[in-house]
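A.B. asks: how would this look folded up:
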Amino acid sequence: MNARADTFPCLPEAELRTLGERAFQGLGLPATDAADVVQVLLLADLFGLSTHGLGRIESYGERLELGGITCRPEIATERVAPALARLDGANGVGPLVGMHGLRTAMQLAREHGIGAAFVRGSNHFGPVSPYSWIAAEAGFASMIGSNATTTIAPWGGSDARLGNSPLGFGVPGADGAHFMLDMAMSVVARAKIRNALKAGQAIPDSWATDKAGRPTTDPRAALDGFLLPIGGHKGYGLALLVDLFAGLLSDAAYLTHVKSWVDAPDEPQNLGHFFVLIDTRRLGSAGWLAARMQDFAQILHGSAPVDAGRPVIVPGEIELRNMARQRVEGVAVDPAALALLQRHAARVPA
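C.D. replies: Below you'll find the model as predicted:
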């Protein structure tokens with residue numbers, strides 16, 4: 001049971017989708033673009049990733065109203081090789097630009113078996129798993145990433161020079177049981193630290209350091225300091241790799257060239273993303289892949305857990321269970337986010 005459901009209102013998925021689309025239309029987006037944005041953010045909420053769900057209307061909405069994000073971008077796509085494309089997001093809302101990149105990579109993969117789209121001129125595009133899920137539902141395996149505002153110091157360094165760049169992978173599973181690995185390059189996302197600060201709670205000292213580079217349990221000091229990468233120097237290397245693909249190769253901003261949406265909400269970020277998709281149907285039938293994926297999961301589930309109350313899981317299972325439950329019970333929404341959605345939606349004539 002989602003603990004938030006005890007205190008947060010729950011809305012049916014269709015009702016929340018309509019409300020979200022109207023809210024983004026109220027912020028100036030055309031209806032089709034608003035639908036793309038809400039598709040990504042609503043999936044995040046359904047998966048239980050509320051820090052990256054429709055609550056993001058607070059930061060996205062502020063930047064749209066200040067002109068830091070373009071509400072009606074003219075997104076351009078350039079095919080630079082048979083299976084390779086480059087997109088200019090024209091400073092659109094991140095999930096909108098991300099959906100354009102995903103669809104482009106899917107089309108390339110349909111034509112050639114594999115396709116890659118490199119995106120520039122974007123903004124925060126939400127979590128990776130919604131894109132992985134959409135791709136997997138259509139039969140594509142995926143590798144997707146984005147760069148981000150600088151929050152991590154170089155390994156051994158003393159100031160923030162690289163972002164907590166998310167990287168994700170997806171593989172279609174049997175009966176919709178898709179493998180979905182969605183991870184940032186830090187131990188936790190800054191959103192979790194911000195939530196701890198709002199709740200007046202301490203954080204583990206493995207999450208972040210203060211501005212002097214010392215591990216801290218104080219969320220305020222952590223927000224003034226640096227996130228710690230997963231796996232030490234290995235996580236540092238992975239974060240650089242994501243930024244090389246998402247930022248440098250896409251011709252977007254990278255490392256310290258990425259502007260902070262917090263410090264400069266009225267300025268474009270020029271974030272970059274990449275989408276690499278494989279049409280699994282070129283490798284074998286859907287039945288062939290489903291049987292192998294089912295066996296793959298059974299091998300892992302067959303391992304006796306150290307803690308009987310915590311069985312072995314495959315990445316993606318928690319998110320998919322959350323989605324199945326919330327599609328029945330309703331999607332739990334933070335009251336503050338709900339009020340903001342309703343306020344922006346009220347701008348659209350009935």
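A.B. asks: list the buried ones in the longest helix belonging to the chain?
C.D. replies: When the chain is parsed with DSSP state H, its longest helix is helix 94-112. Using 16 or more other Cβ atoms under 10 Å as the burial criterion, the residues of helix 94-112 that qualify are 94-110. Any C-beta I mention is one placed from the backbone N, CA and C, and that applies to glycine too.
A.B. asks: Got the confidence number for the residue nearest to Asp159 when sequence neighbours are not counted?
C.D. replies: Spatial nearest neighbour of Asp159, excluding adjacent residues (Cβ to Cβ, 6 or more residues apart in numbering): Ala153 at 5.9 Å. pLDDT for Ala153: 87.
A.B. asks: ok, Ala153 - contacts?
C.D. replies: When contacts are counted by Cβ atoms under 8 Å, 6 or more residues apart in numbering, Ala153 touches Asp159, Ala160, Arg161, Leu162, Thr209, Gly213, Phe226.
A.B. asks: Between those residues, identify the one with the most neighbours.
C.D. replies: Neighbour counts for the contacts of Ala153 (other Cβ atoms under 10 Å) peak at Leu162, which has 29 neighbours.
A.B. asks: For the stretch 1-150 of the chain, just list every one of the strands.
C.D. replies: Along the stretch 1-150 of the chain, counting by DSSP state E, counting those that start in this stretch, strands occupy 10-11, 76-81, 84-88, 114-122, 140-146, 150-152.
A.B. asks: Go through those and name the closest to Glu65.
C.D. replies: strand 114-122 (18.7 Å; Cβ to Cβ).
A.B. asks: For the closest one, buried residues please.
C.D. replies: Buried residues in strand 114-122, counted by 16+ other Cβ under 10 Å: Ile114, Gly115, Ala116, Ala117, Phe118, Val119, Arg120, Gly121, Ser122.
A.B. asks: Strand partners (parallel or antiparallel) of that strand?
C.D. replies: Strand pairing for strand 114-122, using DSSP bridges, gives strand 84-88 (parallel), strand 271-279 (antiparallel).
A.B. asks: Return the most buried member of these.
C.D. replies: Ranked by average neighbour count under the criterion mean count of other Cβ atoms under 10 Å, the strands paired with strand 114-122 are headed by strand 271-279 at a mean of 27.
A.B. asks: That strand vs helix 94-112, what angle?
C.D. replies: Taking axes from the mean of the first three to the mean of the last three Cα atoms, to 10 degrees, strand 271-279 and helix 94-112 form an angle of 30 degrees between their directions.
A.B. asks: For the stretch 251-350 of the chain, just list every one of the strands.
C.D. replies: Here the stretch 251-350 of the chain has its strands, by DSSP E, counting those that start in this stretch, at 271-279, 331-332.
A.B. asks: which residues touch Ser130?
C.D. replies: Slight slip there: residue 130 is Pro, not Ser. Here Pro130 is in contact with Gln39, Val40, Leu41, Leu43, Ala44, Phe47 (Cβ under 8 Å, 6+ apart).
A.B. asks: Include distance to Val333 and neighbour count when you put these into a markdown table, please.
C.D. replies: Shown next, in a markdown table, are those (distance: Cβ to Cβ, whole Å; neighbours: other Cβ atoms under 10 Å):
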| residue | distance to Val333 | neighbour count |
| --- | --- | --- |
| Gln39 | 17 | 21 |
| Val40 | 16 | 27 |
| Leu41 | 11 | 28 |
| Leu43 | 14 | 23 |
| Ala44 | 12 | 25 |
| Phe47 | 14 | 24 |
